[in-house]
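>>> sequence-free structure coming up:
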């Protein structure tokens, strides 16, 4: 293959990135990645989510998620007038193929993308009998699928319904915050494929991360705060009706 | 599926096997506590059931881990619970509670109580049988009055430790459910206490039935005073259990927190048969009424025996239904409180009805074998009678 | 002394228990995974196993490295912040071996509609249309270039 100088100059950045991938095997070996320097979270902007389901599809492709099970999913809410405690919610196939037009009229309607909240005080890691699910030093809740017994206690303990039992591997599974990507300087598959920027990975330990300014200037919530899980997925514009 | 559920919630995670597990360990704890009534509290009337209760507890304790193993995605990794137990996990700590109870309490107590018989049989048998019993003696053939006094004293201490251990054994199972804040059907401080008392009720009922059945098979007379004593303990324990469950129910209805409407709907629809009909009426109110009759009305011996037997059977059904309603019920509603799913119970699958039935019946076969190896009764049982003749 | 003799069988029993405990400790040391406890109460190797997962989405920076011309077009239009793989799907394999792995062109009919079909739950400011009425039988990219979708009744791309 004969390359002229222009082509080489264009290929160099791609080659550099590819080289990083080759070299990166462990979190410590990845160039410039030290676990203790990061504390991962995510910003989910309800005002921007269009329910296209790109995130659900991307996650399934990046992580080989089996059909019918979801590491992330999107819910559609319909709230009638002041009936905040009785929303109508649906999530056809987790929102994977988007949402069909509904014949709903009026009320307040919006989409809520959901995933593992990578809680700081996660009830799921608390109950694992063997230490197969745990917090990484950089704040990601992970599952050691070569150690998991498949007792499913963690699935019972998660208040958000983000865990499932992998039908083939016969172990617990859930969102890993694309740990294999974020430790290499990439963003998660869901954030990468979100067309509106409704999902943005955040490094809470990085003082320059835009999330700090965002949290300060917006009304932000977490899911089920009364359960004190220390959730790190922050929702902008989350309505009180969201379960 | 009805209404809305988080997409991963539609499939149930814990099946009938996980219903079976607390049922079996409950029987163990209850049977042991009945046995300890005689040993520690010197309730002489229940003495005829002492050894039988211990063997029943052992038979069920041996089977108890099997539904769990069948349920695990990777049973071959189950040893990890003993190698790297996660100390914050109730389930991990339970592995040690089980081991403690099996080794340090139940097996020890049975060994101490049976030691004299084991030595006698060992000395009067030959071949494989003799070898087996000689192994059981651990090499010591000392059955002098002094040694037997030591056994008695040690057994008393073990039983004393055993009572809180039995409480721990089944209270822990209750805690495994009660400590899950994600699930409002399970999460209550009452859960370990309710589990414990229902365990005692089921264990006492089981021993009552075993006593009656074995007496009928052996064609020996049933000691009616023994039955009366057991019946009385069953009645009073049941009253406490029922009170606790009603307390939970009334509290829920009164406080009506965010989960209440969803749970209420679930109980009235999905759980109507198993909870309202089977657990409450057939399994609690009916046996309580029958037992109350035995306390208040003077019945003939035959009528008394039939009433006790019926009450015991209904009790066991009711306690099984209670376990079902806790485990399965806790998974039928969505944690969004907006929907419900159904439990599909297959027949011949790893976690189906057939394995459940087999596991329920298996302890009875094991009990039969245990009775043959360690006969609870002296009169009429060949092994120790022959041994006594020789000595 | 006789008390000791009477309890001899209990001492044998204690011996059995001690042997059992020793056997357990030895077994544990032999079988427990070496990296357990390295970073916390879990197998340290698990972190390494999880991070070594192959990557499916290359990430827009990688795409832009080889396709700066598309980036140029995109940055001027409404899809400026829509990442390449959002429409084109995971292209990690293509980025690793651009010559032999060619991306498949996305199906226009399904693709555009997923984001832009009108839905009451979408934010009101977001461009959404009733697809049938709007398209009148034509493909979306007849009038809208995907990389810069401002209305243009001219040709494709």
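That came in fine, so what should we check first? None of the values given here were measured: they were computed from a predicted structure.

>>> in the stretch 101-250 of chain B, which residue sits closest to chain A?
Of all residues in the stretch 101-250 of chain B, residue B:182 sits closest to chain A, with a separation of 3.7 Å (CB to the nearest CB). The C-beta positions use only the backbone N, C-alpha and C, and glycine is treated the same way.

>>> could you give the separation of the helix or strand harbouring residue B:325 from the chain centroid?
Per DSSP states H and E, residue B:325 falls inside helix B:301-327. With CA atoms, centre = their mean, to the nearest Å as the basis, helix B:301-327 stands 13 Å off its chain's centre.

>>> can you list the domains in chain C?
C:2-51, C:55-104, C:106-157 (automatic domain parsing).

>>> ok now the last one, how far from the chain's centre?
In other words, domain C:106-157. The answer for domain C:106-157 is 27 Å, by CA atoms, centre = their mean.

>>> that one near chain A anywhere?
Yes: interface with chain A: domain C:106-157 contributes C:113, C:114, C:115, C:117, C:118, C:119, C:120, C:121, C:122, C:123, C:126, C:128 (CB under 8 Å from any CB of the partner chain).

>>> count of neighbours near the nearest residue to the fourth one once chain neighbours are set aside?
In space, and not counting its chain neighbours, residue C:117 is closest to residue C:131: 5.1 Å by CB to CB, 6 or more residues apart in numbering or on different chains. Applying other CB atoms under 10 Å in any protein chain shown, we find 15 residues neighbouring residue C:131.

>>> repeat that for the one 5 residues further on.
The burial count assigned to residue C:136 is 7, neighbours taken as other CB under 10 Å.

>>> for residue C:112, see how far away it is.
As for residue C:136, its distance to residue C:112 is 14 Å (criterion: CB to CB, to the nearest Å).

>>> picking that back up, switch the residues of domain C:106-157 next to chain A over to JSON lines; also include neighbour count, secondary structure and distance to residue A:115.
Shown next, in JSON lines, are those (neighbours: other CB atoms under 10 Å in any protein chain shown; DSSP: H, G, I helix; E, B strand; the rest coil; distance: CB to CB, whole Å):
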{"residue": "C:113", "neighbour count": "17", "secondary structure": "helix", "distance to residue A:115": "25"}
{"residue": "C:114", "neighbour count": "18", "secondary structure": "helix", "distance to residue A:115": "19"}
{"residue": "C:115", "neighbour count": "21", "secondary structure": "helix", "distance to residue A:115": "20"}
{"residue": "C:117", "neighbour count": "21", "secondary structure": "strand", "distance to residue A:115": "24"}
{"residue": "C:118", "neighbour count": "14", "secondary structure": "coil", "distance to residue A:115": "26"}
{"residue": "C:119", "neighbour count": "20", "secondary structure": "coil", "distance to residue A:115": "21"}
{"residue": "C:120", "neighbour count": "19", "secondary structure": "coil", "distance to residue A:115": "24"}
{"residue": "C:121", "neighbour count": "22", "secondary structure": "coil", "distance to residue A:115": "19"}
{"residue": "C:122", "neighbour count": "23", "secondary structure": "coil", "distance to residue A:115": "20"}
{"residue": "C:123", "neighbour count": "19", "secondary structure": "coil", "distance to residue A:115": "20"}
{"residue": "C:126", "neighbour count": "15", "secondary structure": "coil", "distance to residue A:115": "22"}
{"residue": "C:128", "neighbour count": "18", "secondary structure": "coil", "distance to residue A:115": "25"}
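
>>> got a list of contacts for stretch B:262-282?
B:184-185, B:252-253, B:314, B:317-318, B:321-322, B:324-325, B:328-329, B:332-334, B:337-338, B:340, B:342 (CB atoms under 8 Å, 6 or more residues apart in numbering or on different chains).

>>> what's near enough to touch residue 151?
By default, I'm working from chain A. Per CB under 8 Å, 6+ apart, neighbours of residue A:151: A:129, B:68, B:71, B:72, B:73, B:91.

>>> hmm, I had chain B in mind actually
Residue B:151 touches B:112, B:113, B:115, B:116, counting by CB under 8 Å, 6+ apart.

>>> now residue B:202
B:23, B:26, B:27, B:30, B:315, B:316, B:319, B:320.

>>> coming back round to it: relative to chain C, how far out is the residue of the stretch 101-250 of chain B closest to chain A?
As judged by CB to the nearest CB, to the nearest Å, residue B:182 and chain C stand 21 Å apart.

>>> which non-adjacent residue is nearest that residue?
Nearest non-adjacent residue to residue B:182 (CB to CB, 6+ apart): residue A:159, at 3.7 Å.

>>> returning to that earlier point: just flag the most distant two among the contacts of residue A:151.
When CB to CB is used, the two most widely separated members of the contacts of residue A:151 are B:73 and B:91, lying 14.4 Å apart.
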